[in-house]
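1. sequence and computational prediction follow.
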Amino acid sequence: MSEGTGRILVVDDEPGMREGCRRILESEGHRVTTAESGEQALGLFSKGAFDLALLDLSRLQHLAKVALTPAPVRLEPLLQEAVSFAAQPAKARNVTITLEPAPDLPYVDADREEMLRLFTNLVDNAVKYNREGGSVLVAAVQAGAAPGYVAVEVTDTGVGIPQGAIARLGEAFYRVRTAATMQITGTGLGLSICRQIIEAHHGQLEVESEEGKGSTFRVLLPRTQRPAGA
């Protein structure tokens, strides 16, 4: 896991992968800035974020070429686990996290490890981009979801996202730059990983946001039959 976030990260050990990712970071790193002063990537990497970015980028490339191992997955315990990972940073910022799974929530056909990675990342972001004393609601719903899908919504009371930036969310190294987010450190790769996980599961990502009020990230995943004996 990456330090302080609870995100699960895997580095591909294929020869050349790490070095290839390093070269990409060196060429694209100017798009990543420090929280303190907006310095370019070398300043951020010198504080230890280079390794985090390297892990994130390795994970992104790993997802692009490795087959998933889907199986029927119960969402409720998985979401509980994702919420538990964010408990410590949420407590530090006095952010309340509430989990509201729908009763008799259907199973989804998914790679459980990747699902955990996805929702841990989304909840972590909802805490990180929230206001002091804010709240996060994680809700799994059937009503309103597209036919054959189940929806998981992560809603925060944070800084929000400008409408013009929503279409670029998930683009590698892209981070929203506003006065409210300049103090938040990140690599701009987390949502890229989330989007790729969702697409690999034939799902959809929807984003609704209003600056100064908060955001909702809605993940639609194909539902599947409950396994025999479950």
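-> Now that the structure is in, tell me what you want to look at. Numbers count the residues shown, from 1 in each chain.

2. now Pro77. Its backbone dihedrals?
-> With angles defined as degrees, to the nearest 10, Pro77 sits at phi -60, psi -30.

3. quick one, what contacts it?
-> Applying Cβ atoms under 8 Å, 6 or more residues apart in numbering to Pro77 gives no contacts. From N, CA and C alone the C-beta is placed, and that goes for glycine too.

4. ok, so what distance separates it from Glu211?
-> Distance, Pro77 to Glu211, by Cβ to Cβ, to the nearest Å: 34 Å.

5. what's the answer for Leu78, then?
-> 31 Å.

6. next one: Ala90
-> On the measure of Cβ to Cβ, Ala90 and Glu211 end up 22 Å apart.

7. quick one: contacts of the longest strand along the chain?
-> Criterion DSSP state E: the longest strand present in the chain is strand 214-224. With Cβ under 8 Å, 6+ apart as the test, strand 214-224 has contacts from 72, 106-110, 118-119, 122, 125-126, 129-130, 134, 145-146, 148-161, 198, 201-209.

8. so which of those sit within strands?
-> Per DSSP E, the subset of the contacts of strand 214-224 in strands is 72, 107-110, 149-156, 204-209.

9. and the contacts of stretch 105-113?
-> 8, 68-76, 78, 115, 140, 142, 150, 200-201, 221-227, 230.

10. can you do 7 Å?
-> Here stretch 105-113 makes contact (Cβ atoms under 7 Å, 6 or more residues apart in numbering) with 68-70, 72-76, 78, 140, 142, 150, 201, 221-224, 226.
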